[in-house]
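*Asks:* Whatever this is, show me its structure:
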Amino acid sequence: MTTQYPQIRQYIGGQWQDGSGTGRTSVLNPATGQPLTELRHVSPGQLDQALDALSESAPPWRRTAPAERSRILRRAADLLRDRAERVARTLVLEQGKPLAEARAEILVSADILDWYAEEGRRAYGRVVPGEYGTRLSVIPEPIGPVAAFTPWNFPATSSVRKLGGALAAGCPIVLKASEETPGTAVGLFAALEDAGLPGGVANLVLGDPAEISAHVLGSPVIRKVSLTGSIAVGRHLARLAADHDQITTMELGGNAPVLVFPDVDVVAVAEALARAKFRNAGQVCNVPSRFFVHESIAEEFSSQLVRFADSLKVGDGLAEGTEMGPLANVRRRDAVAALVDDAVKGGAEVLAGGRPLDGPGFFHAPTVLAGVRDDQDVFRDEVFGPVVPLTTFRDLDEAVDRANDSPYGLGSFVFTASLDAATRASDALQAGMVGVNTTVLSRAETPFGGVKASGHGQESGTEGLDAYLVRKVVLQHPPITWDSTKGTA
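*Replies:* Predicted coordinates for the structure are as follows:
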């Protein structure tokens, strides 16, 4: 099957249009470093069009029956499944991950839309008992127009979490997708359009992140801001949002610890963790990243990690048999290489990989480092690359204390056969999500989000819908009359 990269355009007010801004960005294939297309940025005038579209579409979309909103989202999910192969190949071309991973991401995105389609029909309020003749009601209502910002590492799932939650709740949305992976976003919006979403309810803008965020968040039209991105960008958007009292949801990355206890099946757990860590070339915020392995099994465990890392087939994501693709851009490849070099200078030992790979594209070898200290950058920072930094521990309390010694708090993991160890560790770990004997933290049915510097608010699950709702309290009493107030009116 040949793969043709799609035409990249803005989607504003229900119309596809070329960007009319002055800036341009080359969209690159990370497997070759060659350009796929040139993206012309959105202009300030087009951003105003998007804001006007939000204002105009907010009242009718708010009044649209939840069952009708559900029907549209379900149809979009079905269309995504029908087009999964085509959109997945676009994703590989612009982001680099293997085709099987890209295909899975598109199918999961369809499942997320289905989840929100049904959850939007269950945005229940409540009636509170009060005095006879009164009605005390709590009524959920859409928060209003939303501005959303998504990254390049999971351009489909990170977008549909925001699109699905906002649209199911009755909120129109403008989504600024990554300028490095615009083709996937175009595929998502085409599915929404073809599913019958009214024009102006969802808008796609592409261009310079700083210019778009300043313009859009500078408008009082926006009532809610949702970001998946870095800590620095999150703090910047939070400051912009504060000027207009815009409510924020921020998923700002992670550096998840994994605690591996001595009672595990070493071979099975090492392979499961390696598969998770090297998925998407390590460019995942919610996978095991800091490896704390009990000292009694550390040698066997590390040898199994090395065996797996050395066996991985690295190459173009569209090539047959590829198990790990390139880093998404040259910035990531160079940053990962610098962190590895710094760790080695500080005394860490390279057990596997440890270097960028020769040839075109932005490839780095799957890497395993032993003897890493907790204070080294490769351990403290979010590496966002195919690097396993490994250290050892003696007992549970020590492992938890060291795991919690981090500004991040998105995910964490525990692998053990002991119910006591699993319970104690999962209770004590400071994170928004804990995986016990699993590497999967993201499901449509459960909330996704972190604590500390990893952000605030949650997506997916009931909480993901709730993020786009406000509660109105209505306290209704009988009409006031002279008799009812006994002359005190």
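
*Asks:* Skipping adjacent residues, who's closest to residue 355 in space?
*Replies:* Computed as Cβ to Cβ, 6 or more residues apart in numbering, the closest residue to residue 355 that is not its neighbour in sequence is residue 365, at 5.7 Å. C-betas here are computed from N, CA, C, even on glycine.

*Asks:* whoops, residue 180 was the one
*Replies:* Residue 180 sits nearest to residue 152 (Cβ to Cβ, 6+ apart), 4.4 Å away.

*Asks:* Residue 325 against residue 29, yeah?
*Replies:* No: contact criterion Cβ atoms under 8 Å: residue 325 and residue 29 do not qualify, at 10.6 Å.

*Asks:* Now do the shared contacts for those two.
*Replies:* residue 96 (Cβ atoms under 8 Å, 6 or more residues apart in numbering).

*Asks:* Neighbour count for those two, which is higher?
*Replies:* The neighbour comparison of residue 325 against residue 29 (other Cβ atoms under 10 Å) goes to residue 325, with 28 against 22.

*Asks:* residues in contact with that one?
*Replies:* 30, 31, 92, 96, 97, 98, 280, 281, 314, 315, 316, 317.

*Asks:* Give me the most central residue, this structure.
*Replies:* In the chain, the centroid-proximal residue (Cα atoms, centre = their mean) is residue 158; its distance is 4.0 Å.

*Asks:* Roughly how far does that one sit from residue 227?
*Replies:* The gap separating residue 158 from residue 227 is 10 Å, by Cβ to Cβ, to the nearest Å.

*Asks:* And for residue 342?
*Replies:* According to Cβ to Cβ, residue 342 and residue 227 sit 29 Å apart.

*Asks:* ok, the two, which is more surrounded?
*Replies:* residue 227 (27 against 14).

*Asks:* Assumed that one was part of a helix.
*Replies:* No: assessed by DSSP: H, G, I helix; E, B strand; the rest coil, residue 227 does not belong to a helix; its assignment is strand.

*Asks:* Look at the residue nearest to residue 205 when sequence neighbours are not counted and tell me its secondary structure.
*Replies:* With sequence-adjacent residues excluded and distances taken as Cβ to Cβ, 6+ apart, residue 205 is closest to residue 42, at 4.5 Å. Look at residue 42: counting by three-state DSSP, its state is coil.

*Asks:* What confidence value was assigned to the residue nearest to the centre of the chain?
*Replies:* Note on residue 158: pLDDT of 98.

*Asks:* Same check on residue 299?
*Replies:* Note for residue 299: predicted pLDDT of 97.

*Asks:* what separates residue 320 from residue 180, distance-wise?
*Replies:* Applying Cβ to Cβ, the value for residue 320 to residue 180 is 25 Å.

*Asks:* Buried ones in the host helix or strand of residue 78, by neighbour count?
*Replies:* Assigning secondary structure by DSSP states H and E places residue 78 in helix 66-82. If you call a residue buried by 16 or more other Cβ atoms under 10 Å, then helix 66-82 has these buried ones: 66, 69, 70, 72, 73, 74, 75, 76, 77, 79, 80, 81.

*Asks:* Tell me who's in contact with the residue nearest to residue 180.
*Replies:* Shown in contact with residue 152 (Cβ under 8 Å, 6+ apart): 95, 178, 180, 181, 328, 329.

*Asks:* my read is it is in a helix, agree?
*Replies:* No: read with three-state DSSP, residue 152 is coil and lies in no helix.

*Asks:* Show me the helices in the stretch 201-350 of the chain, by range?
*Replies:* Assigned by DSSP state H, counting those that start in this stretch, the stretch 201-350 of the chain shows helices spanning 209-217, 231-242, 266-278, 298-311, 330-345.

*Asks:* In the fourth one, which residues are buried?
*Replies:* It stands for helix 298-311. In helix 298-311, counting by 16+ other Cβ under 10 Å, buried: 298, 301, 302, 304, 305, 306, 308, 309.

*Asks:* quick one: which of those is nearest to residue 395?
*Replies:* Distances from residue 395 to the buried residues of helix 298-311, taken as Cβ to Cβ, are shortest for residue 298 (14.1 Å).

*Asks:* Look at the residue lying closest to that closest one once chain neighbours are set aside and give its secondary structure.
*Replies:* Excluding the flanking residues, the one nearest residue 298 by Cβ to Cβ, 6+ apart is residue 392, at 4.7 Å. Of the three states, residue 392 takes strand according to three-state DSSP.

*Asks:* And the pLDDT at residue 392?
*Replies:* Residue-level pLDDT assigned to residue 392 equals 98.

*Asks:* For it, give me its contacts.
*Replies:* Counting by Cβ under 8 Å, 6+ apart, residue 392 makes contact with 292, 293, 294, 295, 298.

*Asks:* elements contacting the helix or strand containing residue 379?
*Replies:* Using DSSP H and E, residue 379 sits within helix 377-380. Contact here means 3 or more Cβ pairs under 8 Å, 6 or more residues apart in numbering; DSSP states H and E; on that basis helix 377-380 packs against helix 330-345, strand 387-393.

*Asks:* so the residue nearest to the centre of the chain makes contact with residue 150?
*Replies:* Yes: the pair residue 158 / residue 150 is scored as a contact, 4.4 Å apart, by Cβ under 8 Å.

*Asks:* list residues touching both of the two?
*Replies:* Common neighbours of residue 158 and residue 150, counting by Cβ under 8 Å, 6+ apart, are residue 228.

*Asks:* before we move on, the earlier item: of the buried residues of helix 66-82, which is the nearest to residue 478?
*Replies:* Comparing these against residue 478 with Cβ to Cβ places residue 66 closest, at 30.7 Å.

*Asks:* Go through stretch 43-50 and flag the buried ones.
*Replies:* Buried residues in stretch 43-50, defined by neighbour count with 16+ other Cβ under 10 Å: 43, 46, 47, 49, 50.

*Asks:* How much space separates the residue nearest to residue 355 from residue 461?
*Replies:* Here the distance between residue 365 and residue 461 works out to 37 Å (Cβ to Cβ).

*Asks:* of the two, who's got more company?
*Replies:* Higher neighbour count among residue 365 and residue 461: residue 365, with 22 against 18, using other Cβ under 10 Å.

*Asks:* check contacts around that one.
*Replies:* Each residue near residue 365 by Cβ under 8 Å, 6+ apart is listed here: 309, 314, 352, 353, 354, 355, 356, 357, 386.

*Asks:* and the fifth one, how many neighbours?
*Replies:* A count of nearby residues for residue 354, using other Cβ under 10 Å, gives 20.

*Asks:* and it, what is it in contact with?
*Replies:* With Cβ under 8 Å, 6+ apart, residue 354 has these contacts: 340, 344, 365, 367, 369.

*Asks:* secondary structure element for it?
*Replies:* Taking DSSP H and E as the definition, one finds residue 354 inside no helix or strand.

*Asks:* on that earlier part again, the more surrounded of residue 320 and residue 180?
*Replies:* Taking neighbours as other Cβ under 10 Å, residue 320 and residue 180 compare with residue 180 leading, 19 against 8.

*Asks:* Return the residues in contact with the closest residue to residue 157 other than its chain neighbours.
*Replies:* Of all residues not flanking residue 157 in the chain, residue 109 sits nearest, at 5.2 Å (Cβ to Cβ, 6+ apart). Residue 109 makes contact with 80, 156, 157, 159, 160, 188 under the criterion Cβ under 8 Å, 6+ apart.
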